[in-house]
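Enquirer: Dropping the sequence and predicted coords here.
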Amino acid sequence: MAVLNTGQLNLPPQILDPWLGKVQYGSTIATLSGATPMRFGPGQSMTFDIGEAEYVGEGANKGPSTITPTVKTVTPFKFHKTVRMTEEVLWADEDTQIGAVNEILALIQPALSRALDFGVFHGINPNNGAPVTAMSESLSDTTNVVTIGTGDKAYANVDAADALVLADGYVPADIALDPAFAAKFAALRSQQTEQKLYPDLSLQTAPAGRLENHNSSVSRTVGAVGTAATATNVAAFVGDFSGIRWGIQKQIGLETIQYGDPDGQGDLKRNNQVAFRAEVVYGWGIADLNAFAQIKNASA
């Protein structure tokens, strides 16, 4: 049995720094909610409700103040992306090798960024679209659901989702949209001036745009079309994305693997290949699913 030998590439800092910014440009979650510094392993996220202040009349006694804590578990989840290339990549001179590494990172980084969305939105493995048992809670589990009816106006669906979130005591400040749903807004123009009705809506994931007084981000990860093994039918998630606690628990590195069979595709030496692998450990938790509503297409 061959011994797996690995070597760590000494990458220029500008390639991986800042990774957090790179994740933001590939992830709707990262665009709409800020990262929280985390250590590796399970943790807890705590929020507190202390209620309102008490009026005290002159000479009157002060009553007790209540504190209601809410504890949510933040769980680590590991993702990797492994790319094989011919071993000629290692024979190139130093300048060429750095160029090749840049190309590899350009392929790996977006996939690892989207993995955060697929986990938080749907709790699925991006590689095969299957549900991950360890991802016990995702935004698609919220019971606040708006189903798109025939002839519905897209803005009316968003209004209905807002109402559900507001009824649960949260402010629906953000919206993540599937491209097909976002296109309904992007195509609208004034009948008088032919100007776009939603000029601040960006069809990109980042930076965030604006739609109907929401911070907005558009990505195919929202509906997971072509990725989820079972159709999600999700067109958008509306809610308070600050209620998502996420962070990078383990720093990303790029590893070059020259020996063994690191991904089940055959021995590297026998196939005259080399593998490059990057890994990331995200941690996340959702403070309260009631802070979100999902807009869904009717099931086929």
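Expert: Structure's in. What do you need?

Enquirer: Which residue ranges of the stretch 51-200 of the chain form helices?
Expert: Secondary structure of the stretch 51-200 of the chain (DSSP state H, counting those that start in this stretch): helices at 88-91, 94-117, 154-167, 179-186.

Enquirer: other SSEs contacting the third one?
Expert: Packing contacts for helix 154-167, counted by 3 or more CB pairs under 8 Å, 6 or more residues apart in numbering; DSSP states H and E, involve strand 145-148, helix 179-186, strand 234-239, strand 292-297. (C-beta placed from N, C-alpha, C; glycine too.)

Enquirer: again, but for the last one
Expert: Where contact means 3+ CB pairs under 8 Å, 6+ apart, helix 179-186 is packed against helix 154-167, strand 214-218, strand 234-239.

Enquirer: Just the CA atoms of the first one, as PDB, please.
Expert: If I follow you right, that is helix 154-167. Extracted C-alpha coordinates of helix 154-167, given in PDB (Å, rounded to 0.1, in the frame of the first residue of the first chain):
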ATOM      1  CA  ALA A 154     -43.500  38.900  -7.800                       C
ATOM      2  CA  TYR A 155     -43.700  42.000  -5.400                       C
ATOM      3  CA  ALA A 156     -46.900  40.600  -3.900                       C
ATOM      4  CA  ASN A 157     -45.100  37.400  -3.000                       C
ATOM      5  CA  VAL A 158     -42.300  39.400  -1.300                       C
ATOM      6  CA  ASP A 159     -44.900  41.500   0.600                       C
ATOM      7  CA  ALA A 160     -46.600  38.200   1.800                       C
ATOM      8  CA  ALA A 161     -43.200  36.900   3.000                       C
ATOM      9  CA  ASP A 162     -42.500  40.200   4.700                       C
ATOM     10  CA  ALA A 163     -45.800  39.900   6.500                       C
ATOM     11  CA  LEU A 164     -45.000  36.400   7.800                       C
ATOM     12  CA  VAL A 165     -41.600  37.500   9.200                       C
ATOM     13  CA  LEU A 166     -43.100  40.700  10.700                       C
ATOM     14  CA  ALA A 167     -45.800  38.700  12.400                       C
END
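
Enquirer: how much does it deviate in direction from strand 292-297?
Expert: 150 degrees (axes from the mean of the first three to the mean of the last three CA atoms, to 10 degrees).
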